[in-house]
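K.L.:
All I have is the shape, not the residue letters:
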């Protein structure tokens, strides 16, 4: 491919190869470097754009012998960090560049915010890139990984970036082997091994992450397989994975079929259930929307998917769908038709079984509704159906001839003969519509004139009355045929409208259920109209290029709507484009509804993002406004006192006594302590608002932490009652100490003189409660939640009583550790703060970090900078 790019002289996009792992330490970087050495030995121009060995000796050794592009040094918060120099790599222009940690967040001031954006620039410049990423860094799996490990991944990469990779190679390792590698010191430094093994690298965590990685890669392999089958027009089913299609009619047997298919799927590894309902466009069906909704809910609860397809030929549509999804089995119910209805055809089940071929198994499942009513309708032609049209022509053409032969043997009179021929014309009209009835009327008129109207055996009529009779006969036949044909057209239109209404009903139901994902909606469009791909294109103006906002299906990407087989404009600068076949004009009405809904979904997604951004900005503005209002007095007051005391001490005009100097120094110390406490609360609230508080959970005794929180409160103002027999708690000791200190300080502030604050702890089930009890004025019930909001002072608290952050910080830290903080009334008057903590060893989910490197260094540097800011203030 590289040679063809050079020959053509055109700038083609580079290829991306990704080594995917389930957890740090499985060997992604090592495998990438080994591949680089193999490429270099073959003479390929390969350089190291950025690889972090994390102090692992074996990985560091693999860097020897490879050319490394110099890194770019950036300063941030007093620290110096190395990042990939994109400009240097572009200037060097190798054939292959190695870029480690695809999800890495660059230091502020870098060319791009994310490393995957740097990789996109290299690919756009025609440079092939080999990179690495862990499964937990995929954006769509953030919530799942957090529920497994208890850690929210802040460095993520969009799934689409990884999906677009030309090659994805899984670097797999069993949890036991990975833990052994960790224990041997091959991943982290020895002082961090024990913490890692007991937190992130627990066997359960690693097993779950490994399963996520395997399933994700399996899905990508499945996508590649479908693309290959489509590109090479492979129609045969490849049983690489058990996929079971359930044919639903909307009847009561559907739930039985779904459960049976789910049991079949459980017997095979990676089994998948796809329930499909095929709506006819050429005839009314007996499907119950309510029953279909229940069956859809059931199949989704069992882990399957529901699909709605329009098709005139039910067996053919069902088989096309099954082959399209590479299904291996089809589950159908025994027909609900009665015995006499089999005269009209063998039924869908028999037809599907006969046409399925050797690579697709068909299961016919019995149920309670067998032979109690018609099941899946048999395939028919347009309007009246092919069978009825054939019978209509047989009656219309052969019936008059056979009747003439019969009437030649008996004389019933001209009037009776005409009535019999008219009956045949009506029968032909009822069966075959207009054309067979016209043929019957014409042939019947000829036979009546030739055989039964004097003079016989001649095409002349002697009596004028007979001419009128034959004319009336022909007119009645044409009228009946026209009425029957009109009724057939109305039936066809009604059936199509019903099919369209069912599709629109499902579309509306998706909106009501909140299924507003653009990709899900496009997939619904593709399935409904049996297309190969569907995409929503948009451009900013008439002269700007089209951009794809969402796409599903297989086939080449569309650059503009004109390249598609079907395009449906949505406004002036948006279009829904489909490939696969040309749709009839009557289908464009439903397609227009889908296109309008796609535009609404896209607008809703953008509005939601804008609303989240506006909400964040509004919250930030509110915090800044409250902060300015608070610090305007609370910061200036102690600063003014400190400055006055210092000025007095430095003045040579007054001779201060030792008592006066001690009093002034005490005032300076009190003002400095007040400033330190105020700035600490402000910084803590800022960390809570920005979500940068990451607790380091460990097991500790409450009686070790609570006494430390009482340092700084007046003597004899607190009574401590913390038994040593309490169970240990799973907390961050620093955050717990700060929370208790804020609670005690607030209680002492509002307690009347001479009344001590009680700090007591007790065990309750799997929790440990710390109670801070005061005898102050208390708080009304309606204000108990409001006092935990930032910058809230209760009652008539003076300005010098603080900025109202202590309780907000205490609750924020408590919730960050998995605890709760609530306010209760103290019996006899006052307020009791109840801090509930998790007892250790009872369902505790330890939290920690899973990656080291730049992010950890930046966090550490930020912490040191924050401490310096507090000291400077």
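P.N.:
Cool, the structure landed. Fair warning: this is a prediction, and the values are worked out from it, not measured in the lab.
K.L.:
alpha carbons only for contacts and neighbour counts from here, please
P.N.:
Noted.
K.L.:
any idea which residue sits dead centre in this structure?
P.N.:
Centroid-nearest residue in the chain: residue 140, 6.2 Å away (criterion: CA atoms, centre = their mean).
K.L.:
Can you tell me the SS state at that residue?
P.N.:
Counting by DSSP: H, G, I helix; E, B strand; the rest coil, the backbone at residue 140 sits in helix.
K.L.:
And the lowest mean pLDDT element among the helices and strands of the chain?
P.N.:
When the helices and strands of the chain are scored by mean pLDDT, DSSP states H and E, helix 854-872 comes last with a mean of 37.
K.L.:
Compute the number of surrounding residues for the closest residue to the residue nearest to the centre of the chain other than its chain neighbours.
P.N.:
Leaving out its chain neighbours, the residue that sits closest to residue 140 by CA to CA, 6 or more residues apart in numbering is residue 159, at 6.7 Å. Using other CA atoms under 10 Å, the number of residues around residue 159 comes to 13.
K.L.:
let's have the chain start at 281 instead
P.N.:
In the new numbering, first residue 281, that becomes residue 439.
K.L.:
okay, now residue 867: neighbour count?
P.N.:
Residue 867: 12 neighbours (other CA under 10 Å).
K.L.:
coming back round to it: tell me how far the residue nearest to residue 420 lies from residue 1012.
P.N.:
34 Å (CA to CA, to the nearest Å).
K.L.:
and if you look at residue 303?
P.N.:
For residue 303 relative to residue 1012 (CA to CA), the value is 25 Å.
K.L.:
Over to residue 552?
P.N.:
Note on residue 552: its distance to residue 1012, by CA to CA, is 44 Å.
K.L.:
Next: residue 680.
P.N.:
98 Å.
K.L.:
Same check on residue 1118?
P.N.:
Counting by CA to CA, the gap from residue 1118 to residue 1012 is 11 Å.
K.L.:
Same check on residue 641?
P.N.:
Distance of residue 641 to residue 1012, given as CA to CA: 58 Å.
K.L.:
show me the contacts for the residue nearest to residue 420.
P.N.:
418, 419, 420 (CA atoms under 8 Å, 6 or more residues apart in numbering).
K.L.:
Quick check: pLDDT value at residue 992.
P.N.:
Model confidence at residue 992, given as pLDDT, is 69.
K.L.:
Please disregard the earlier target; I meant residue 1076.
P.N.:
44.
K.L.:
Against which helices or strands is the helix or strand residue 553 falls within packed?
P.N.:
Residue 553 is part of strand 552-559, with elements assigned from DSSP states H and E. Secondary-structure packing of strand 552-559 (3 or more CA pairs under 8 Å, 6 or more residues apart in numbering; DSSP states H and E): strand 523-528, helix 534-547, helix 569-581, strand 585-590, helix 594-604.
K.L.:
Columns mean pLDDT on top of these, output as CSV?
P.N.:
Below are those laid out as CSV (pLDDT from 0 to 100):
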stretch, mean pLDDT
strand 523-528, 90
helix 534-547, 86
helix 569-581, 81
strand 585-590, 84
helix 594-604, 86
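K.L.:
I'd like the distance between residue 1019 and residue 1094.
P.N.:
Taking CA to CA, one finds residue 1019 at 7 Å from residue 1094.
K.L.:
So which of residue 641 and residue 1012 has more stuff around it?
P.N.:
Comparing residue 641 with residue 1012 by other CA under 10 Å, the one with more neighbours is residue 1012, at 19 against 15.
K.L.:
didn't the more buried one look like it was pressed against residue 981?
P.N.:
No: Residue 1012 lies out of contact with residue 981 (CA atoms under 8 Å); the separation is 11.3 Å.
K.L.:
need the next SSE after the helix or strand harbouring residue 751, C-terminal direction.
P.N.:
Using DSSP H and E, residue 751 sits within helix 744-792. The element immediately downstream of helix 744-792 (helix or strand, assigned by DSSP H and E) is helix 798-808.
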